[in-house]
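**Q** can you look at this prediction? I've put the sequence above it.
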Amino acid sequence: MSDNSEPESASAGPVDYAALEAAVWGPLPEDFEEMPPGPGLAAMLTGLDRTTLTGFQLALVLRARLRQISFEQAELLADIHELAYAPYTPPGKPPVRSNQWDEHVTEEVSFSLSWSMYAADKHVELARTVR
């Protein structure tokens, strides 16, 4: 712990309050709270400079980021569900779908994501349930 009474940022050492006062505070877009999750919101969140936002704005960013995370988790489950009907096809061949659920999809998910079989199984079960 530093004997300097100034708070420190996570990566840059002591906070430079003079620079912060001179900064142009970054307003969020007017429709930020209503922005649907997806590529647009992802790009917006990626480009934000947290040091230019107020506490209120950061709380809005938290909510938006959770919307985006939930969207990505739903997309992951949709990918798992689709994988269960997609038998192995060699590279360069067109996609093929089966009308039966692949009983080995849990192993494929586990291997592909470096997850334990338990974690993969729980996600496969959820993907099968919510689809």
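**A** The structure has been received and is ready for your questions. Numbers count the residues shown, from 1 in each chain.
**Q** what's the longest helix in this structure?
**A** With secondary structure taken from DSSP state H, the chain has its longest helix at helix 55-83.
**Q** tell me the helices and strands packed up against that one.
**A** Helix 55-83 sits against helix 39-46, helix 105-113, helix 117-130, with contacts defined as 3 or more Cβ pairs under 8 Å, 6 or more residues apart in numbering; DSSP states H and E. Where you see a C-beta, it was placed from the backbone N, CA and C, and this is true even at glycine.
**Q** what is the distance between that helix and the centre of its chain?
**A** Taking Cα atoms, centre = their mean, to the nearest Å, one finds the center of helix 55-83 at 5 Å from the center of the full chain.
**Q** begin at 145 from now on, thanks
**A** Noted, 145 is the first residue going forward, which turns the last one into helix 199-227.
**Q** what average pLDDT does it get?
**A** For helix 199-227, the mean pLDDT works out to 96.
**Q** point out where this protein drops to low pLDDT.
**A** Within the chain, the segments meeting pLDDT under 70 span 145-156, 160-169.
**Q** at 50 instead, please
**A** 145-146, 150, 166 (pLDDT under 50).
**Q** how near is the residue nearest the centre of it to Leu220?
**A** With distances taken as Cα atoms, centre = their mean, the residue of the chain nearest its centroid is Ile213 (4.0 Å). Noted for Ile213: a distance of 10 Å to Leu220, by Cβ to Cβ, to the nearest Å.
**Q** got it, and Glu252?
**A** 14 Å.
**Q** what number of residues are in the vicinity of Thr196?
**A** 13 (other Cβ atoms under 10 Å).
**Q** quick check: closest non-adjacent residue to it.
**A** Closest residue in space to Thr196, ignoring its immediate chain neighbours: Gly170 at 3.7 Å, by Cβ to Cβ, 6 or more residues apart in numbering.
**Q** also Leu220?
**A** Excluding its sequence neighbours, the residue lying closest to Leu220 (Cβ to Cβ, 6+ apart) is His267, at 7.5 Å.
**Q** a strand runs through the residue nearest to Thr196, doesn't it?
**A** No - assessed with DSSP: H, G, I helix; E, B strand; the rest coil, Gly170 is coil; it does not lie in a strand.
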